[in-house]
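**Student:** Any chance you could fold what I've pasted below:
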Amino acid sequence: MGFSITSAVMGGIIIICYSIVIANARRYYRYYAYYYGRQYDTKMAISAIILVLGIAEFVIGIWAAVCCCMMNACTCCAPQQVC
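**Tutor:** Okay, here's the model as predicted:
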């Protein structure tokens with residue numbers, strides 16, 4: 001469960017970082033497109049793919065943590081049973 005939570009946190013960090021990269025690159029589109037040409041399109045495509053994978057990592061990490069908790073691996077979610 002700890003690895004799932006860590007994965008979700010890393011996915012969130014990736015989402016934040018690459019969202020900032022894409023937002024800043026869109027602001028200077030004419031500059032980058034004029035001086036770098038096709039390299040700009042490649043950088044933006046890779047950034048978009050990594051952003052999508054970060055979103056997937058975040059969702060899967062949260063989902064895996066919930067599944068681990070519901071399997072009663074820990075007693076945080078299940079009601080306490082009295083014997």
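**Student:** Report the buried residues of stretch 8-19.
**Tutor:** Within stretch 8-19, the residues scored as buried using 16 or more other C-beta atoms under 10 Å are 8, 11, 12, 14, 15, 18. Just so you know, the C-beta spots here come from the backbone N, C-alpha and C atoms, and that holds for glycine as well.
**Student:** Mind checking which of these land in helices?
**Tutor:** Of the buried residues of stretch 8-19, the ones assigned to helices by DSSP state H are 8, 11, 12, 14, 15, 18.
**Student:** Next, count neighbours for the closest residue to the first one other than its chain neighbours.
**Tutor:** This points to residue 8. Counting by C-beta to C-beta, 6 or more residues apart in numbering, the nearest residue to residue 8 once its immediate chain neighbours are dropped is residue 61, at 3.1 Å. Applying other C-beta atoms under 10 Å, we find 20 other residues in the vicinity of residue 61.
**Student:** what's the single longest helix in the protein?
**Tutor:** Longest helix in the chain by number of residues, with DSSP H as the criterion: helix 38-70.
**Student:** That helix packs against which elements?
**Tutor:** With contacts taken as 3 or more C-beta pairs under 8 Å, 6 or more residues apart in numbering; DSSP states H and E, helix 38-70 sits against helix 2-27, helix 29-36.
**Student:** Counting by contacts, list what the first one packs against.
**Tutor:** Helices and strands touching helix 2-27, by 3+ C-beta pairs under 8 Å, 6+ apart, are helix 38-70.
**Student:** If you compare the directions of the helix it packs on and helix 2-27, what angle comes out?
**Tutor:** Helix 38-70 runs at 150 degrees relative to helix 2-27, counting by axes from the mean of the first three to the mean of the last three C-alpha atoms, to 10 degrees.
**Student:** now helix 38-70: mean pLDDT?
**Tutor:** Across helix 38-70, the average pLDDT comes to 88.
**Student:** Identify each buried residue in that helix, please.
**Tutor:** Neighbour-count burial for helix 38-70, counted by 16+ other C-beta under 10 Å, picks out 40, 44, 47, 50-51, 54-55, 57-58, 61-62, 64-65, 68-69.
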